[in-house]
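**Q** Sequence and predicted model, in that order:
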Amino acid sequence: MAKRNKNSSFFPGKSHNIYASLDPKHMGIAAGIIAAATIFFGTLIALSTGMGMTALEIWGSFHPGYSVSIFGSVVGLIYGFICWFVAGYVFGWLYNRLGSKSKK
């Protein structure tokens, strides 16, 4: 079997780029959905089992209107999506900006 050159690409005539760009909007949506579901179901599980109450009470200290309750789970869902959408968007944007600098 022939050895491949480390710098060669699978596609002849094209350079191999190891840094794929991220779509910040899609990254934000994915992070927001995961966080919103985690807070929502985490609150419901904490209500039914009593586990994780302290962690969720800490979350509530940073987010006005959130409490460990049925209504609080909906408020947490909204807060979780908004906060983590912003975090995911910023991460995707920074990844693309810093990755494009290192390619040059």
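**A** Sure thing, it's come through. Numbers count the residues shown, from 1 in each chain.

**Q** now the helices: where do they sit in the protein?
**A** Ranges of helices in the chain, per DSSP state H, are 24-49, 53-62, 70-103.

**Q** now for the last one, which elements pack on it?
**A** For helix 70-103, the packing partners by 3 or more CB pairs under 8 Å, 6 or more residues apart in numbering; DSSP states H and E come out as helix 24-49, helix 53-62. For the C-beta atoms, the positions are set from N, CA and C on the backbone; glycine is no exception.

**Q** out of the ones you listed, nearest to F91?
**A** Of all those, helix 24-49 sits nearest to F91, with 6.2 Å by CB to CB.

**Q** Tell me the gap between that closest one and the middle of its chain.
**A** Put simply, helix 24-49 sits 10 Å off its chain's centre (CA atoms, centre = their mean, to the nearest Å).

**Q** Which positions in it come out as buried?
**A** For helix 24-49, burial by neighbour count (16 or more other CB atoms under 10 Å) applies to 24, 27-29, 31-32, 35-36, 39-40, 42-44, 46-47.

**Q** Kindly provide the distance from the residue nearest in space to the middle of the chain to L44.
**A** Central residue of the chain (CA atoms, centre = their mean): A31, 2.8 Å from the mean position. As judged by CB to CB, to the nearest Å, A31 and L44 stand 21 Å apart.

**Q** again with F62
**A** Distance from F62 to L44, by CB to CB: 20 Å.

**Q** Please name the residues that touch the nearest residue to V74 once chain neighbours are set aside.
**A** Computed as CB to CB, 6 or more residues apart in numbering, the closest residue to V74 that is not its neighbour in sequence is F40, at 7.4 Å. Residues in contact with F40, defined by CB atoms under 8 Å, 6 or more residues apart in numbering, are S73, V74, G76, L77, G80.
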